[in-house]
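> I need the structure of the sequence given here:
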Amino acid sequence: MACNSPDNKKAKISTSPATVPGAELRNDDTSLSYQGTPLELKCINTIRALCADMVQKAQSGHPGAPMGCAPMAHLLWTEIMAYSPKKHDWWNRDRFVLSNGHACALQYAMLHLTGYEDMGMDQLKQFRQIGSKAPGHPENFVTKGVEVCTGPLGQGLSNAVGLAMAQSHLNATTQNKEIFTNYTYVICGDGCLQEGVTSEASSLAGHLGLGNLIVLYDDNQITIDGSTDLSFTENVAMRYESYGWQVFKVEDVSNGLEELREAIQKAKSETSKPTLIQINTVIGYGSAKAGTAKTHGAPLGDEDLAATKKSYNLDPEKSFQVDDDVREIYTAAASRGEKAREEWEATFASYKATHAEEATALEQRFVPPATKQVLTFPECDKAMATRKYSELCLNAIAPQIPSLIGGSADLTGSNLTNLKCSGDYQSSTPGGRYIRFGVREHAMSAICNGLFAFSSGNDGSLLRPFCATFLTFAGYALGAMRLSALSKFGVLYIMTHDSIGLGEDGPTHQPIETLENLRSIPNINVWRPADYEETKASYVSAVDNLTTPTVICASRSTLKLLTGKSCMEKAQKGGYVLQDVEKPQLILIGTGSEIGLCVDAANELSSRSSNPIRTRVVSMPCQELFLSQEQSYQSSVLLGGIPTLSVEASAQHGWHRFSNYQICMSSFGASGPGGEVMKLFGFTVENVTEKGEKLVKFYEGKTVPNLMDRPIF
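So this is what the prediction gives:
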């Protein structure tokens, strides 16, 4: 093992199968050069063969990385990590994240070998098949023992920063320092370290001094296109050292584990820095195609697989071979994990006896939905921007929900997210609940996924993270936000400056397509409240929906008071009648800052002395929740056969489901005072009134399509 230095560049390797490392195993007995016990090597080779067998049977997958990383996995699962196959969600388990999720055959093999009940051999044989517990990339909601969804490269390592932050925060806020002591271990590859999200997250991890985070970098020098020489020649070690990480170099794990074992122990002894261990590996180790991109994403083929098994001293005629002596090694390792869990449970029981209130409060973060607390909010009858209403709500619920933790991407004063009940989370104050994410929107979201994932279930979570930026910068964070939804992580996203109404910053900062981008993602609730009542509703919804992320989109500008019209309880249905008339002739639907326009336009249309148009106003702050209501309720709000006009300073896509005509954005915005920009693009009482009149006239003598009359099968 050696620390990296400026001269320690990425070594070039040949891509010729005749000369690559690992291919020479065709003629040599691997045990002759292996520095370790024969049984240890047999265990490692068994992992390699299992992974190759899974991919071969499925005729789909990635055998190369698991074959190269098998030595790391063996060491982690047999000597390093504390885990419990019998109780996979034990609070103080060590967390493992396979950031290069395409190598998931490796994780499934380890879960099988260590006895996780839903990863039997039958599941390995159903790798990548419908209904399997061994899907094509790790999915936390499918497979016990998988902490987070990985696959999009870099997300896992970034999630791991959140997992490590969660441990440090919970440890700091718990009087017994033996309750939360776990480490977070990551295996990542070259691709993960090329993704920008890991640069953001790793920079923050170094700043925060996360000594409980240990990353094993699978430096196999191969990507899909070929050698990393084609595009990735930077000195990774120097980059991570500049982030404030401790960095070690392990030259070889194919011929022994002592160097890696020593590096991990040194990593664990450094409590003020995260550690990156750069490990030379051989992709597809033992295959004729070892060391080349050909083993990355395709089965080895029957002939090569048989020859590879033979080089491992395994039976080439057998598939999914796990001999008794190998299984005993992993069974013993799992037993040690169960013992560690049982000892921790005794520690927790002692802690509960001496600190009953604190321990019970932690346990009560996991409660059935029926017993959830009722949130209280302060009174407010002042017209303000919804970002200021959001500030009121956030600071109202923070003392009521001790698990709430989060921050902003360097926009605290604009997003108005500072927690008045707590200080900052920093390396010296990990008990703080406000996180300064810096200008790192993508990592911020991925880290929040890790914070949520630390310990969560359908009935609760030890931590409820939130994060904030301008709505247009959701584009930077979208990859991680999508994974919040997929993973069923109830992360709260607070996105201010939600339309062209933000004004002078201009079209680079004015979101147009963003709302529809977010609304098109399954399992995510996108709120655009119009006033304080609706903002309160959005926060209640966010807290109650534990397995669905929530995006609250808030205005920069002051909005019209809707006193006596809006209602928090009704708003929780996603859409409701804000202002009504008898026998409406026109319906106006709006969200956020445009609701005031709709109310004023409806009043103008309904009160005319000549040719009045009786106009109903519907507020729809959350389309997803509205569409989840009974069909009868939806139809009572949006009456069929009545011309309906939607008004939102955003893209029109999606509104065709609800309205016959849309006053929306079909271009980018402009720089100027917010009110003038809104006027320029037609968001005025005069334009809404005019378009409403024209819509009613258009349908005179015609049947108005009933947009709510749609089949439900």
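
> Check the spacing between G596 and L515 real quick.
For G596, the distance to L515 equals 18 Å [C-beta to C-beta, to the nearest Å]. From N, CA and C alone the C-beta is placed, and that goes for glycine too.

> Check I552 too.
Distance of I552 to L515, given as C-beta to C-beta: 12 Å.

> G256 now?
Per C-beta to C-beta, G256 is found 55 Å from L515.

> So for those two, which sits in the more crowded spot?
L515 (29 against 16; other C-beta atoms under 10 Å).

> Which other helices and strands does the helix or strand the more buried one falls within contact?
Assigned by DSSP states H and E, L515 belongs to helix 514-519. Helix 514-519 sits against helix 474-487, strand 525-527, strand 644-651, with contacts defined as 3 or more C-beta pairs under 8 Å, 6 or more residues apart in numbering; DSSP states H and E.

> ends of stretch 348-365, how far apart?
Terminal residues of stretch 348-365 lie 16 Å apart, using C-alpha to C-alpha, to the nearest Å.

> What are the buried residues along that stretch?
By neighbour count on 16 or more other C-beta atoms under 10 Å, the buried set for stretch 348-365 is 348, 351-352, 355, 359, 362, 365.

> cool, stretch 634-642 as well?
By neighbour count with 16+ other C-beta under 10 Å, stretch 634-642 contains the buried residues 634, 637-639, 642.

> One more: stretch 156-172?
Judged by neighbour count using 16+ other C-beta under 10 Å, the buried positions of stretch 156-172 are 156-171.

> what's the burial count for E379?
Residues lying near E379 (other C-beta under 10 Å) number 7.

> what's the answer for L50, then?
Quick note: L50 (other C-beta under 10 Å) scores 25 neighbours.

> That one and L124 touch, don't they?
Yes - using C-beta atoms under 8 Å, L50 is in contact with L124, at 6.7 Å.

> Common neighbours of those two, please.
Jointly contacting L50 and L124 under the rule C-beta atoms under 8 Å, 6 or more residues apart in numbering are 109, 112, 320.

> which one among the residues you listed gets closest to D580?
Minimum distance to D580 across the shared contacts of L50 and L124 is 60.7 Å, recorded for H112 (C-beta to C-beta).

> which residues are in contact with the helix or strand harbouring Y425?
Counting by DSSP H and E, the element that carries Y425 is strand 424-425. Contacts to strand 424-425, defined as C-beta under 8 Å, 6+ apart, come from residues 165, 169, 208, 405, 407, 431-436.

> For S619, see how far away E534 is.
From E534 to S619 the distance is 7 Å (C-beta to C-beta).

> These two: which has the busier surroundings?
Comparing E534 with S619 by neighbour count (other C-beta under 10 Å), the higher total belongs to S619, at 33 against 29.

> ok, now how distant is the more buried one from H355?
Using C-beta to C-beta, one obtains 46 Å as the distance from S619 to H355.

> hang on, A164 is in a helix, isn't it?
Yes - counting by DSSP: H, G, I helix; E, B strand; the rest coil, A164 is found in a helix.

> Report the contact partners of it.
Counting by C-beta under 8 Å, 6+ apart, A164 has contacts 184, 205, 210, 212-213, 274, 450.

> Mind doing that once more with 7 Å?
184, 205, 210, 212-213 (C-beta atoms under 7 Å, 6 or more residues apart in numbering).

> taking those residues one by one, which sit in helices?
The members of the contacts of A164 that map onto helices under DSSP state H are A205.

> can you put the contacts of A164 in a markdown table and add neighbour count?
Formatted as a markdown table, these follow (neighbours: other C-beta atoms under 10 Å):
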| residue | neighbour count |
| --- | --- |
| T184 | 26 |
| A205 | 30 |
| L210 | 28 |
| N212 | 25 |
| L213 | 30 |
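
> and which of the contacts of A164 is nearest to G479?
Nearest to G479 out of those is A205 (C-beta to C-beta; 18.6 Å).

> Quick check: the closest one touching A160?
No - contact criterion C-beta atoms under 7 Å: A205 and A160 do not qualify, at 8.5 Å.

> Touching both of the two, which residues are there?
With C-beta under 7 Å, 6+ apart as the test, A205 and A160 both reach L213.

> which residues touch the residue lying closest to F668 once chain neighbours are set aside?
Nearest non-adjacent residue to F668, counting by C-beta to C-beta, 6 or more residues apart in numbering: P507, 4.0 Å away. By C-beta under 7 Å, 6+ apart, the residues touching P507 are 668-670.

> Let me see the mean pLDDT of stretch 533-547.
Averaged over stretch 533-547, pLDDT sits at 97.

> ok, back up a step: CSV for the helices and strands packed on helix 514-519, including mean pLDDT?
Below are the helices and strands packed on helix 514-519 laid out as CSV (pLDDT from 0 to 100):
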stretch, mean pLDDT
helix 474-487, 98
strand 525-527, 98
strand 644-651, 98
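
> For Q278, find the nearest of the ones you listed.
Among the helices and strands packed on helix 514-519, the nearest to Q278 by C-beta to C-beta is helix 474-487 (25.3 Å).

> From the rest of the structure, what touches the closest one?
Here helix 474-487 makes contact (C-beta under 7 Å, 6+ apart) with 140-141, 148-149, 152, 155, 441-442, 444-446, 449, 491, 493, 495, 514, 517-518, 521-524, 549.

> How about stretch 214-234?
In contact with stretch 214-234 (C-beta under 7 Å, 6+ apart) are residues 10, 12-13, 15, 65, 68-69, 72, 100, 157, 183, 185-191, 193-194, 264, 267, 275-283, 292-293, 296-297.

> Okay, buried residues for it please.
The neighbour-count check on stretch 214-234 (16+ other C-beta under 10 Å) flags 214-223, 227-228 as buried.

> Of those, which pair is most distant in space?
Distance extremes for the buried residues of stretch 214-234: the farthest pair is I214 and S227 at 27.3 Å, using C-beta to C-beta.

> With respect to D580, which of the buried residues of stretch 156-172 is nearest?
Nearest to D580 among these, counting by C-beta to C-beta, is G162 at 45.8 Å.

> pretty sure that closest one contacts C448?
Yes - counting by C-beta under 7 Å, C448 is a contact partner of G162 at 6.3 Å.

> coming back round to it: mind putting the buried residues of stretch 348-365 in JSON lines, pLDDT, secondary structure and distance to G592 included?
Converted to JSON lines, the buried residues of stretch 348-365 look like this (pLDDT from 0 to 100; DSSP: H, G, I helix; E, B strand; the rest coil; distance: C-beta to C-beta, whole Å):
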{"residue": "F348", "pLDDT": "97", "secondary structure": "helix", "distance to G592": "46"}
{"residue": "Y351", "pLDDT": "97", "secondary structure": "helix", "distance to G592": "47"}
{"residue": "K352", "pLDDT": "97", "secondary structure": "helix", "distance to G592": "46"}
{"residue": "H355", "pLDDT": "97", "secondary structure": "coil", "distance to G592": "45"}
{"residue": "A359", "pLDDT": "96", "secondary structure": "helix", "distance to G592": "43"}
{"residue": "L362", "pLDDT": "95", "secondary structure": "helix", "distance to G592": "37"}
{"residue": "R365", "pLDDT": "90", "secondary structure": "coil", "distance to G592": "32"}
